[in-house]
Each structure stands twice: as structure tokens, then as C-alpha cells.
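Trainee: sequence below, structure please.
(2 chains)
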Protein chains: 2
Amino acid sequence: MELDEAIRGRRSIRRFDTRKIDDAVVEELIDLARHAPSSMNGQPWVFAVVREPGTKRRLAEIKNLYCPVEKRDYSADFIEQASAIVVVAVDRRSSHDRDVENGVLAAAHIMLAAHARGLGSVYMSAYRQDEPAVSAAIRAVLGMPDHVAPISILPLGYPAETPEPKRLKPLSEIVTHERYRIG
Amino acid sequence: MELDEAIRGRRSIRRFDTRKIDDAVVEELIDLARHAPSSMNGQPWVFAVVREPGTKRRLAEIKNLYCPVEKRDYSADFIEQASAIVVVAVDRRSSHDRDVENGVLAAAHIMLAAHARGLGSVYMSAYRQDEPAVSAAIRAVLGMPDHVAPISILPLGYPAETPEPKRLKPLSEIVTHERYRIG
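Mentor: Next comes the predicted model:
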């Protein structure tokens, strides 16, 4: 798929059908993720592939437990229906204090590459700045040591929904030249 | 360009020739950036396009001033040679406490779309968690109000360098299944 088409067509998908994603396809996504830039070329990524229903369940429970009030309409239960979940984490020993950026840049590749292969995904955070218990709980479920920081949770599956077209803000509301002149 | 090709071919570029990037091309990149996912679909982005040499100079000075010791080999002076710099920022009133993630997801689109158009870019951070003076200085240069958080600085230009092939870590060192088993 063309890059522009992938970018324009990708949407957040939270309903999946029961088809399994081949292991080889999950591996392709991770192969592309590791081409992301990283601070000082540290390539600090750890990609944890989750297939077991019990592990998916525990991740959903953690997301629900620590969900901010304003996001309560978005239960994480749907991730149990994902064929695979990729948790993007970074080894803090080689992330040069740029854990989140390194993780998110790789996550962006996975979401685009998934869409280009007919798969759906949605970006979910694996930490909260103000609540270290979120990362700690995810680390515990996945057996990650303290020096590994989970950043993103990416459920993956064949889409069972077609979202309505999204209304994007016009460029005039989000672009500014030289000095800030918005709003 | 095909998505996979764009992802595999994109590299960090820090040398640019003197050709100008058309305004329409910069606008295309930002148009694609706003298709990124955002927390609660807040679309909190502000994209500041910088062309003026004096403003580029001031951004380079800020980056150099606050550069961590371990990164001192990477002077930011080169960004003065960029045809355009896009500073990706987020309006904190609609970012749902996910400033960095929202910003970086948009930045990833810009870097891929730039590469697909024969342009080079490199990811640079516009903040330091431990040093609020960095964001404050960038906000001051760009006239951004306090509720706008600069996240990424993306210099853009036609490449005047061809980086050596990058050695990527093998998947066996970065992928784990169910429970963490790396190293």
C-alpha cells in the first residue's frame, strides 16, 4: 500500500473478528517497527507479543483499573478479542532518557504497517506519568524487569467495524508560520 | 512510495542542500500528520513552520545550550541549513494528559511522508522532562502561549548525505513472547 494511502486510511479499530493473525505477519510488523529512529541510535525496543487469553485479560483489567474518569467510556475489554497484542517497551539502559519518544515512534510504524496488511489496531498507553503503578502492573504481568519501561499497548486483529469518516481540523486551525497566531 | 519501502528507507538526515521545499509540500506533510491518532480524538496539534534564518538560529542555540553531555557530539547547528523546520506542538487543553504521545505520533507521519517525497529529516526533541526551561525557551522564540507544549523539532530539506546502512538489532534480541525472556 502507498504510504499516503496508509496514513489517510488508518483508523482506530476496537472490534475484531475471530481470524488469527499469522505469526509471520506479526513478525513483519515488528521488523518494520525497529526501523524507527531512536535516540543516539540506541534501538532500545522490546516488543512483547501476547496471544494468551489470560494475559490479554490481565492487561485489560489494568487498563480499566487505572482509566482516568474522562475516558471511562472506553473500556479496554475489547483487547481480549485481539488476535495478538504487541506491547512496545524500551530498555531504559539504552533509551537515553527518551523512553516515550523511542517507544511511540516504533508504535507508529506498527499501526501503519498493520493497516497496510488489512489489520486494525488502536493506540493505547502502557504508563501514566502520574501513576507509576500502571507500568509496574504491566511489567509484572509480562515478567519485565525494572529497567524495561512499557510504553504502548497495540491490540491487533482483523477489523469487525468500519468507523465513520473522521472530521479533521482544517489546516488553518493547526498551522502557524514563524510566530504563533492561532485562535 | 510504498509504506514498507518508506519505513525501510527513511534515515536520519542532518545535511541538506540549498534547494527550497515548496510551501505546498510542507503543507502536504502537515496534512498527513493530522491523520495520526490522538487521545480521545482531541487532535491537539499545532504545527509551527519556521523558515526565517534568525528563528532557525535561535532554535539551534536552545538545542545546543540544553544538550545533555552524552549527546554533545550532535551539535544542532545543522538545522540552520534546513529549508524548513516544523515544530510539532500540542495544545494541552485538548491533549488529555498525553502531550508527548500525541505529538510524536504526528511527527512520525511527517518523517515518513518527507522521505517518500525525497526529503530528509531527523527527529529532535523540543522538551526535557527534567528541564522545563527547554520548552519555555522554544515557546518564547515561537511566541507560543503557556498552554501549548512543543514536543518535536523536525528540520526538513533535500538530503546532502547518504548515511551508511544501519545495523539493526536482530529480532531475536528484541522480541519476546508472553513472558519476558531477553538477555
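
Trainee: give me the buried positions along stretch A:156-171.
Mentor: Across stretch A:156-171, burial judged by 16 or more other C-beta atoms under 10 Å in any protein chain shown covers A:L156, A:G157, A:Y158, A:P159. C-beta here means a position set from N, CA and C on the backbone, and glycine is covered the same way.

Trainee: can you pull out the low-pLDDT segments for chain A?
Mentor: A:183 (pLDDT under 70).

Trainee: again, only using 50
Mentor: Along chain A, the model assigns pLDDT under 50 to no residue.

Trainee: which residues touch the residue in it positioned nearest to chain B?
Mentor: Nearest to chain B, among the residues of chain A, is A:A108, at 3.6 Å (C-beta to the nearest C-beta). If you count contacts by C-beta atoms under 8 Å, 6 or more residues apart in numbering or on different chains, A:A108 has them with A:A36, B:A36, B:V104, B:L105, B:A108, B:H109.

Trainee: 7 Å instead?
Mentor: Taking C-beta atoms under 7 Å, 6 or more residues apart in numbering or on different chains, we find A:A108 in contact with B:L105, B:A108.

Trainee: likewise A:I21?
Mentor: So A:I21 contacts A:S83, A:A84, A:L119, A:L156, A:G157 (C-beta under 7 Å, 6+ apart).

Trainee: kindly export the top strand by length along chain A (C-alpha atoms) in CSV.
Mentor: The longest strand of chain A (DSSP state E) is strand A:148-157. Only the C-alpha atoms of strand A:148-157 are listed here, as CSV (Å, rounded to 0.1, in the frame of the first residue of the first chain):
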residue,chain,number,x,y,z
VAL,A,148,12.2,-2.1,30.9
ALA,A,149,9.5,0.6,30.6
PRO,A,150,6.3,-0.4,28.8
ILE,A,151,5.1,2.5,26.6
SER,A,152,2.3,1.3,24.3
ILE,A,153,-0.2,-1.4,24.1
LEU,A,154,-1.2,-2.2,20.5
PRO,A,155,-4.1,-4.8,20.1
LEU,A,156,-4.1,-6.2,16.6
GLY,A,157,-6.8,-8.0,14.7
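
Trainee: okay, now the sheet partners of it, with direction.
Mentor: strand A:84-91 (antiparallel), strand A:120-121 (antiparallel), strand A:124-125 (antiparallel) (DSSP bridges).

Trainee: now the ones you listed in a markdown table, with mean neighbour count?
Mentor: Output for the strands paired with strand A:148-157, formatted as a markdown table (neighbours: other C-beta atoms under 10 Å in any protein chain shown):
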| stretch | mean neighbour count |
| --- | --- |
| strand A:84-91 | 26 |
| strand A:120-121 | 28 |
| strand A:124-125 | 21 |
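
Trainee: which one of the ones you listed lies nearest to B:R11?
Mentor: Nearest to B:R11 among the strands paired with strand A:148-157 is strand A:84-91 (20.5 Å), distances taken as C-beta to C-beta.

Trainee: coming back round to it: ok, which pair from the buried residues of stretch A:156-171 is furthest apart?
Mentor: Every pair of the buried residues of stretch A:156-171 checked by C-beta to C-beta; the farthest is A:L156 and A:P159, at 10.3 Å.

Trainee: biggest helix in chain A by residues?
Mentor: helix A:99-116 (DSSP state H).

Trainee: and that helix with strand A:148-157, angle?
Mentor: Helix A:99-116 runs at 20 degrees relative to strand A:148-157, counting by axes from the mean of the first three to the mean of the last three C-alpha atoms, to 10 degrees.

Trainee: check the offset of helix A:99-116 from the chain's centre.
Mentor: 7 Å (C-alpha atoms, centre = their mean, to the nearest Å).

Trainee: next, the buried residues of that helix.
Mentor: Buried-residue list, helix A:99-116, by 16+ other C-beta under 10 Å: A:99-116.

Trainee: with stretch A:175-183 instead?
Mentor: Here stretch A:175-183 shows A:V175, A:T176, A:Y180 as buried, counting by 16+ other C-beta under 10 Å.

Trainee: go on, stretch A:3-20?
Mentor: A:L3, A:D4, A:A6, A:I7, A:R10, A:R11, A:S12, A:I13, A:R14, A:F16.

Trainee: need the contact partners of that stretch.
Mentor: A:78, A:81-83, A:111-112, A:115-116, A:120-122, A:157-161, A:163, A:166, B:1-3, B:6, B:32, B:35, B:37, B:109, B:112-113, B:116.
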